[in-house]
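**Student:** Below: sequence and its predicted model.
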Amino acid sequence: MKLGKFILLLLLLSIAQMLSAKGKTELKVLQMNIWQEGTVVPNGFAAIADEIIDKNADIVLFSEVRNYKGTDYIQRVLAALKSRGASYFGKSSDEKLDVGLISKFPVGEQRALYDRDSGMGGVLKSKIKVGNRNFVFYSLHLDYTNYACYLPRGYDGVTWKKLENPITAVSAIVEANRKSKRDEAIRDIIRDVDGEEQSQSFIIAGDFNEPSHLDWTIATKDLFDHRGAVVPWDCSVLLEKAGFIDSFRLMYPDPVSHPGFTYPAFNKDVPLDKLAWAPTADDRDRIDYIYYRSKPALKVKAMTIVGPEETVKYAKKQDKDSKDEFLLPKGVWPTDHKALLVTFGF
């Protein structure tokens, strides 16, 4: 009798989720770089689950999934959420794929475009139906090498060592940036999107390890140690030309008042020397994004940075110095990045 009641309960829950998805007209998407599965921060893994529940995300896209020692991060985080009373779906990812996705709605077709051995970074493609809308998500963590935004700040983007002099020539910055595999990965994602049925809604989210041309503008050339450089960063230019919209810059178009820095984030539970890679520079940038393209229109109803208000500047804690608004952590913040939370209406 008890088994029968349990099966009935599962059936009722499944029906309730299907009905909920069918009537859904909003979708909350959370993008998080989880800094090696939260292992660097004390109690970081538990904090990832706490933040997902606190921010009530429908879809979560992760960067820096590691599957340490044969463990399955996706199944671990699903279990942690379930123990807190939250039901999510997710498929186990290959141990070499450093990205992942979970959803309040069943995940359909899913496949990796790249894993971390490719040198291209990790890219995971997932299809999810919400209501009458078909979504295609690309969760990504792009190549971290040749981090060219360090050059005008006086640091090498490969060795992380200090240079004798900053490199400020835009041609040299662009040339160094293209030694990475980031632009190749974005081109491949765009080709993959173009090969799909275009009545779907496409969302690309993750840690790009590259700034945006919408941030390194004439207005910011003398700010944030840009040292006069106005740089057409490849990934953002390619996505814009392909019709993708940067959800943060759509809502906050002014990079001076709303720089939207996602890295480095201050973290009270981590020593500053673990947060600062360019200790004599202001190396703050927006390198985490949620882009979208959709012919059946999507509306960005809300866009918020999630995480501590403070950043790191010249290897010191920097109190809030912008007009950016934040959803603060519930308790422990599990990472050295800020996260992003977008509410789409459809």
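**Tutor:** Yes, it's here. Numbers count the residues shown, from 1 in each chain.
**Student:** Name the nearest residue to Asp324, ignoring sequence neighbours.
**Tutor:** Ranked by C-beta to C-beta, 6 or more residues apart in numbering and with sequence neighbours excluded, the top spatial neighbour of Asp324 is His258, at 5.3 Å. The C-beta positions use only the backbone N, C-alpha and C, and glycine is treated the same way.
**Student:** shaky segments in this structure?
**Tutor:** 1-22, 115-116 (pLDDT under 70).
**Student:** Spatially central residue in it, please.
**Tutor:** What sits nearest the mean C-alpha location of the chain, by C-alpha atoms, centre = their mean, is Gly206, with 2.9 Å.
**Student:** From Trp233, how far off is the residue nearest to Asp324?
**Tutor:** His258 sits 18 Å away from Trp233, taking C-beta to C-beta, to the nearest Å as the criterion.
**Student:** ok, these two, which is more surrounded?
**Tutor:** Trp233 (24 against 19; other C-beta atoms under 10 Å).
**Student:** which residue ranges form the helices in the protein?
**Tutor:** Using DSSP state H, the helices of the chain run over 2-22, 44-55, 73-83, 170-177, 182-194, 234-241, 247-251.
**Student:** ok, and what's touching the fourth one?
**Tutor:** When contacts are defined by C-beta atoms under 8 Å, 6 or more residues apart in numbering, helix 170-177 is touched by residues 146, 148-149, 151-152, 157, 167, 183, 210, 229-234.
**Student:** Show me which of the residues you listed are buried.
**Tutor:** When the contacts of helix 170-177 are checked for burial by 16 or more other C-beta atoms under 10 Å, the buried set is 146, 148-149, 151-152, 157, 167, 183, 210, 229, 231, 233-234.
**Student:** Look up how far Thr39 lies from Val270.
**Tutor:** 12 Å.
**Student:** Who has more neighbours out of those two?
**Tutor:** Between Val270 and Thr39, Val270 has the larger neighbour count (other C-beta under 10 Å), namely 18 against 14.
**Student:** Nearest residue to the more buried one in space, please, no chain neighbours.
**Tutor:** Here the residue nearest Val270, using C-beta to C-beta, 6+ apart, is Val41, at 5.9 Å.
**Student:** And for Thr335?
**Tutor:** Excluding the flanking residues, the one nearest Thr335 by C-beta to C-beta, 6+ apart is Trp35, at 3.9 Å.
**Student:** In this structure the one you found contacts Pro334, no?
**Tutor:** Yes - counting by C-beta atoms under 8 Å, Pro334 is a contact partner of Trp35 at 6.6 Å.
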